[in-house]
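Chemist: coords please:
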Amino acid sequence: MTFLVTGAGRGIGLEFTRQLLGTGHHVIAWVRHPEKSSGLAQLKKDFSATLTIDSADVTNEKSVSDAAQKITTLDVVINNAGVLLDADDDFESLDLDTVKQTFEVNVYGPMRVAQHTLPILEQSKSPLLINISSLMGSVTDNGTGGYYAYRMSKTAVNMFTKSFSVDHPKIKTFCMHPGWVQTDMGGPNATTTVEKSVTGLLRIILEPQKHATGSFISFEGKFLSW
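Modeler: Numbering: from 1, shown residues only. Below is the predicted model:
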């Protein structure tokens, strides 16, 4: 199968790329600055025939369009690129430009990627669209407040996922919670390793028939509350 992974230069995206290549899949890795990812460079040495690295900025229409036009075969899109910009902001000090920047990456990015890859994805016999979300986007689960920009963006991604799944029933579509992961975003106190998170996510992605399209699922395979 051929996978497109956005934000593939580090963290969860890089681990997706590593595990998929290790199990024989072809990966198209999109990253803003490929030259800055030593991890991707090493994977390219080890998997030169099955790894394609391309520069793509999910916030830039032309960048995504140009990169998508190079793809001829595609089975799975994993919208992984994301930012957390307001971890230390309370509501009174929150700059609304931070909210806009967060939505540009976390919401418009996945939608932009989906729009430009849809014609290719529709040609697959078993197409999947995966949007990496977060339990922090759950309205039901929010008992601590804060993180306005990030929470709102992930709630929006969940709604995008649900609507897309209804409009495109032939494409299996999930929004997925990777857990609190030990990445630059999650920090050193996070409870889940990158390897464990991605292993769990891929277990679901590679067996999509076990889950209903349009679902919000954790890396442990649990259905989450909206």
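
Chemist: list the buried ones in the longest helix along the chain?
Modeler: If you go by DSSP state H, the chain has its longest helix at helix 148-167. For helix 148-167, the neighbour count (16 or more other Cβ atoms under 10 Å) marks 148-158, 160-162, 164-165 as buried. C-beta coordinates here come from the backbone N, C-alpha and C atoms, glycine included.

Chemist: quick one: the helices in this structure?
Modeler: Along the chain, counting by DSSP H, helices occupy 11-22, 38-46, 61-68, 96-103, 109-121, 148-167, 194-205.

Chemist: for the second one, give the mean pLDDT please.
Modeler: If I follow you right, that is helix 38-46. For helix 38-46, mean pLDDT is 97.

Chemist: for residue 100, give me the pLDDT.
Modeler: 98.

Chemist: and what of residue 103?
Modeler: On the pLDDT scale, residue 103 gets 98.

Chemist: what do you get for residue 185?
Modeler: 82.

Chemist: likewise for residue 182?
Modeler: Per the predicted model, pLDDT is 89 at residue 182.

Chemist: that one: what's its closest spatial neighbour, skipping adjacent residues?
Modeler: residue 190 (4.4 Å; Cβ to Cβ, 6 or more residues apart in numbering).

Chemist: who touches that neighbour in this structure?
Modeler: Residue 190 makes contacts with 179-183, as judged by Cβ atoms under 8 Å, 6 or more residues apart in numbering.

Chemist: buried among these? Need that as a selection in PyMOL.
Modeler: To isolate the buried members of those in PyMOL, using 16+ other Cβ under 10 Å:
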select buried, resi 179+180+181+182+183
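
Chemist: including distance to residue 95, could the contacts of residue 190 go into a markdown table?
Modeler: Converted to a markdown table, the contacts of residue 190 look like this (distance: Cβ to Cβ, whole Å):
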| residue | distance to residue 95 |
| --- | --- |
| 179 | 29 |
| 180 | 25 |
| 181 | 26 |
| 182 | 28 |
| 183 | 24 |
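
Chemist: closest to residue 45 out of the contacts of residue 190?
Modeler: The closest of the contacts of residue 190 to residue 45 turns out to be residue 183 (Cβ to Cβ; 23.3 Å).

Chemist: surely the closest one and residue 12 touch.
Modeler: Yes: under the criterion of Cβ atoms under 8 Å, residue 183 makes contact with residue 12 at 6.3 Å.
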